[in-house]
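Novice: Predicted model, plus sequence, below.
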Amino acid sequence: MLYINKKMNCPHCLHTNFKVTDKRSSPNGIRRRRECLKCKKRFTTYEKIEKKEFYVIKKDNRREKFDRNKLEKGIEKAFEKRPVSQEKIQKMINEIEEQIRKGGKKEIKSSLIGEMIMKKIKKLDKVAYIRFASVYRDFQDVQEFKREIKSL
């Protein structure tokens, strides 16, 4: 199948004509393997279904649009240098986002999201859990770390 697309260019030569050599469903949407008709190099594109926006109510009652990148950044920071695969982390992030969206609410409190994240992280890695909890719960001293570790 030949595609001529004015919005997308070959990442190698910037040409706009290419063909799809493979198409598959992936957890993140649709994955297409493409071949440029000019330079013959291949590249992969992903298509995501546009999802309805919702808002997060912060601790100080501010509202802000849900941002998956912020969710990913916080979780990935907790798992930094831990022996947990990126696939497992992404699967967990997808599950959290899906769980929030299934709730069907236009607004959700950040505290509910935080608790969801903590439950999921706790199942995967205890050290990552303590890291996340220390930031999320704003630990002020060593005693708070000790209490949290004892609760594990």
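Specialist: All right, it came through fine.

Novice: Flag every buried residue along the longest strand along the chain.
Specialist: Determined from DSSP state E, the single longest strand within the chain is strand 17-26. Buried residues in strand 17-26, counting neighbours by 16 or more other CB atoms under 10 Å, are found at residue 18. All C-beta atoms are positioned from the backbone trio N, CA, C, and that covers glycine.

Novice: Kindly report the same for stretch 83-92.
Specialist: Going by neighbour count (16+ other CB under 10 Å), the buried part of stretch 83-92 is 89, 92.

Novice: per-domain residue ranges of this protein.
Specialist: 2-47, 55-151 (automatic domain parsing).

Novice: want to try a markdown table for those, with mean pLDDT as columns?
Specialist: Output for the domains of the chain, formatted as a markdown table (pLDDT from 0 to 100):
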| stretch | mean pLDDT |
| --- | --- |
| domain 2-47 | 85 |
| domain 55-151 | 89 |
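
Novice: rewinding a little: chain center to the helix or strand just after the longest strand of the chain: distance?
Specialist: Next helix or strand after strand 17-26 toward the C-terminus (DSSP states H and E): strand 29-36. Between the centre of strand 29-36 and the centre of its host chain there is 21 Å, according to CA atoms, centre = their mean, to the nearest Å.
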